[in-house]
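Peer 1: Turn this into a structure:
(chains A and B)
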Amino acid sequence: MKKWVFSALAYLIVVVGSYYAYAAIANPSAEDMQHSNTELHNE
Amino acid sequence: MSEKVLEDQFQITGMTCAACATRIEKGLKKMDGVQDANVNLALEKAMVKFDPAVMNPSDIHKKVRDLGYDVITDKKELVLTGMTCAACSTRIEKGLNKMDGVLQANVNLALEKASVEFNPSAISTKDLIQKVESLGYGAMVKSDENEKEAVDYRQKEIEKQQGKFLFAAILSLPLLWAMAGHFSFTSFLWVPDAFMNPWVQLALATPVQFFIGKQFYVGAYKVLKNKSANMDVLVVLGTSAAYFYSIYLSIQTIGSDAHSVGLYFETSAVLITLIILGKLFEAKAKGRSSEAIKKLMGLQAKTATVIRNGEETTIPLEDVVTGDTLLVKPGEKVPVDGEVLEGTSALDESMITGESVPIDKTVGDSVIGATINKNGFLKIKATKVGKETALSQIIKIVEEAQGSKAPIQRMADLISGIFVPIVVGIAVITFLIWYFWADPGNFASALEKLIAVLVIACPCALGLATPTSIMAGSGRAAEYGILFKGGEHLEMTHKVNTVILDKTGTITNGAPVLTDVLTDHDETEFLSLVGSAEKQSEHPLAQAIVEGIKEKSIELKEVTDFENIPGYGIKANVDGKEILVGTRRLMKKYNVEIDPVLDKMEGLEKKGKTAMLAALDGNYAGLVAVADTIKETSTSAIKRMKEMGLEVIMITGDNKQTASFIAKQAGVDQVIAEVLPEGKAEEVKKLQVQGKKVAMVGDGINDAPALATADIGMAIGTGTDVAMEAADITLIRGDLNSIPDSILMSHKTMRNIKQNLFWALAYNTIGIPIAALGFLAPWLAGAAMAFSSVSVVLNALRLQKVKL
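Peer 2: Presented below is the predicted three-dimensional model:
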């Protein structure tokens, strides 16, 4: 069971880490991005 | 007649001459659909050419039986793997039943077992397994070894599903978080930037969709390949629609500043996570519902102390053979069924018979395996070992009952079989209505409704509704010493409104006991003389007298010149006195004056007692009477049945006077007396013609025809005799209270099944329109679907706590 939990957490960290690494390299101002363009989910 | 003609071989038993063969041949040829039939008396085989479009082998089987013969069939239990829902079990059942040579196949989703009756001349077990495998599932013949394998497999599967659930939950949580942040009422919620990114969402949803969800894709592929559908198809359709549509939308965001554009990655991932969670709960609950069998198996002793070549050794239970001498110490379990060779003790038989008072055992008495020796040392001879023991027979009956189907399940099977294609149709119509009419052009909104309909409609709960209740109900009944032989009997019993009770052995103890002693002499001296003389006789009434005298701790004396006078009685010399014990005729023969006691004798006979006169040295000395006595619990049990609104009738071969006396004592108002054993079945039929649902209760041997004729045959037995084979229900306790208990259990089980079916159908019938109208988000539909299965199983488990 532990291996499943560790695998999932490791994968999550890799994905999120990759995103922030990419965001930092490709678009340094990404963190200032406005969320106003985000469409609302069907409520 | 269709062009396809099958030729099958049937092994027939019961033929004695050529006329039998001709009779069967003629009978078969007359059947609609049979082209040719050839019966070989020497080989005891019938070759039948028939049109499978018109009839099936089970019709031939039935015809042969109707003609008074039998066809040899084999019955095997297969352990199945890979079933996910009711549609799977229905598919396997249909597949097996369609096989040439299969007479009847029953698949139990909850037990993951198939019970197949087939013609061994036409097909083999290997063919059955191949058929199941060709349908996309796994099968193996049930044996103790692979039963254990299957249990291990299930345990591993549960652990694997737990891991998968945690994996899917960890990856779905960020997606759910991101979705939660989208609602206006949750706008205060901070959502990490990464979780809003479509490509991060894709990266998180993909392993859930294809790695964790692989089992659904594989399952769906297998059934679709066989031109069928099950819940996997619905899950795959629903989640794939959400996943691929989200990819399409994600691609649209390339070059745009928008972070997320109403993606549905969380829908597919959360759905798969919830469905796996539901299956996990279901698997765990299903494990609990087979606890009755585990409890019964746990009753067995693990080892036995055997005396071989004069030495005491402890050996595993499996190594005990019939004829072994076993030693049972106080506090130990009796390892197998046997007969006491030495010693006396009280045995706790409550686990088998439900009787709470320990039963005294002495030399010559039989003992049941798994019962507990309370105080003395016993040396026993093993008479039944392995699968022949009473406990093994009980386990077999309970297993068969749990694996059988109640007629009410046919409706659920019928619905499950056609459900998936109908649901897909409804989902497509829902999509079209939303896309073209309700919310024109809004593809996302229409797709959401389609997914919700697909997911809420999985028929898992429907498939589990009946078998889980039958398993729990029959298992609980077994703990009370009531063995239902099948789901159909569990269903039928609650309809019973008339109970016919056999007198001897059912209402009464079935064994005569000494009831009256009338003498002018010293009673102890008189009984000592009578007992000493009767001890030499083999007659059951004589034995009853001796037993009664022994119980009074009266010493018996030496006997000389014993003479048995058949039809009259006995003559013997005790202590130098000539003693006669017997009928009026015996007294007349020896010119003994008995006129003054004739009135008393008749009075006793009117009460159903058998009186025997005794004379000492040619003079009347007294009389002893024996009678079959009413069981302690019979009166209260009959009162209970009457209070339940049941019509209670006593049936007996005894004369009306005796029968009425016993009936009055027991509280039975209606009596059918002077009926021969074969006439009992006729009496049952007469009541059935009046529209009554009749339960016949008897000891199962001479009452067999009546037990078979009745709507429900209940055999009172200790679980060791033929009765268990003959009846629909075996009441292990001799107590008549088991009759109202079994009816009550049937009522409770049926109510539970109906509740389950109601909820299962309600989930679908209410859930589908709600989802189609757009009031149910897909993830909520997934949660409701998972909850429906779990709630059905949990409701069934309530039966395990029923108190009778």
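
Peer 1: got the end-to-end distance for stretch B:611-630?
Peer 2: Taking C-alpha to C-alpha, to the nearest Å, the first and last residues of stretch B:611-630 lie 18 Å apart.

Peer 1: and it, which residues are buried?
Peer 2: By neighbour count on 16 or more other C-beta atoms under 10 Å in any protein chain shown, the buried set for stretch B:611-630 is B:611-616, B:620-630. Every residue, glycine included, has its C-beta placed from N, CA and C.

Peer 1: likewise stretch B:561-577?
Peer 2: Going by 16+ other C-beta under 10 Å, stretch B:561-577 has these buried residues: B:562, B:568-574.

Peer 1: next one: it to chain centre, how far?
Peer 2: 53 Å (C-alpha atoms, centre = their mean, to the nearest Å).

Peer 1: State the mean pLDDT of it.
Peer 2: In this model, stretch B:561-577 has a mean pLDDT of 85.

Peer 1: Mind checking which of the buried residues of stretch B:611-630 land in helices?
Peer 2: Judged by DSSP state H, these include no members of helices.

Peer 1: All the helices of chain A, residue numbers only.
Peer 2: Under DSSP H, chain A gives helices at A:2-26.

Peer 1: So, low pLDDT: which residues of it?
Peer 2: Applying pLDDT under 70 to chain A picks out residues A:28-43.

Peer 1: redo that, cut-off 80
Peer 2: A:1, A:27-43 (pLDDT under 80).

Peer 1: list the contacts for residue B:740?
Peer 2: Contact analysis of residue B:740 by C-beta atoms under 8 Å, 6 or more residues apart in numbering or on different chains lists B:637, B:640-641, B:644, B:646.

Peer 1: Reformat the buried residues of stretch B:561-577 into JSON lines and put secondary structure and distance to residue B:602 next to each item.
Peer 2: Shown next, in JSON lines, are the buried residues of stretch B:561-577 (DSSP: H, G, I helix; E, B strand; the rest coil; distance: C-beta to C-beta, whole Å):
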{"residue": "B:562", "secondary structure": "strand", "distance to residue B:602": "29"}
{"residue": "B:568", "secondary structure": "coil", "distance to residue B:602": "19"}
{"residue": "B:569", "secondary structure": "strand", "distance to residue B:602": "18"}
{"residue": "B:570", "secondary structure": "strand", "distance to residue B:602": "23"}
{"residue": "B:571", "secondary structure": "strand", "distance to residue B:602": "24"}
{"residue": "B:572", "secondary structure": "strand", "distance to residue B:602": "27"}
{"residue": "B:573", "secondary structure": "strand", "distance to residue B:602": "30"}
{"residue": "B:574", "secondary structure": "strand", "distance to residue B:602": "28"}
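
Peer 1: Max pairwise distance over these: which two?
Peer 2: Across these, the two members that end up farthest from each other (C-beta to C-beta) are B:568 and B:574, 18.1 Å apart.

Peer 1: tell me the contacts of the residue nearest to residue B:773 when sequence neighbours are not counted?
Peer 2: Computed as C-beta to C-beta, 6 or more residues apart in numbering or on different chains, the closest residue to residue B:773 that is not its neighbour in sequence is residue B:449, at 7.9 Å. The contact partners of residue B:449, taken as C-beta under 8 Å, 6+ apart, are B:430-431, B:434, B:771-774.

Peer 1: Repeat the analysis, applying 6 Å as the threshold.
Peer 2: Contact analysis of residue B:449 by C-beta atoms under 6 Å, 6 or more residues apart in numbering or on different chains lists B:430, B:434, B:774.

Peer 1: With residue B:205 instead?
Peer 2: B:265, B:269.

Peer 1: Quick one: distance of the host helix or strand of it to the chain centre.
Peer 2: Assessed by DSSP states H and E, residue B:205 sits inside helix B:198-206. Its chain's average C-alpha position is 50 Å from that of helix B:198-206, according to C-alpha atoms, centre = their mean.

Peer 1: Tell me the helix or strand right after that helix.
Peer 2: With DSSP H and E, the next secondary element past helix B:198-206 is helix B:214-225.

Peer 1: quick one: buried residues of that following helix?
Peer 2: B:215-217, B:219-220, B:222-223.

Peer 1: picking that back up, pull the CA atoms of the helix holding residue B:205 into PDB?
Peer 2: The C-alpha atoms that make up helix B:198-206 are tabulated as PDB, following Å, rounded to 0.1, in the frame of the first residue of the first chain:
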ATOM      1  CA  PRO B 198      -4.700  22.400 -18.100                       C
ATOM      2  CA  TRP B 199      -1.500  20.500 -18.800                       C
ATOM      3  CA  VAL B 200      -0.800  19.900 -15.200                       C
ATOM      4  CA  GLN B 201      -4.400  18.600 -14.900                       C
ATOM      5  CA  LEU B 202      -3.900  16.400 -17.900                       C
ATOM      6  CA  ALA B 203      -0.700  15.000 -16.400                       C
ATOM      7  CA  LEU B 204      -2.500  14.200 -13.100                       C
ATOM      8  CA  ALA B 205      -5.700  12.800 -14.800                       C
ATOM      9  CA  THR B 206      -3.900  10.600 -17.300                       C
END
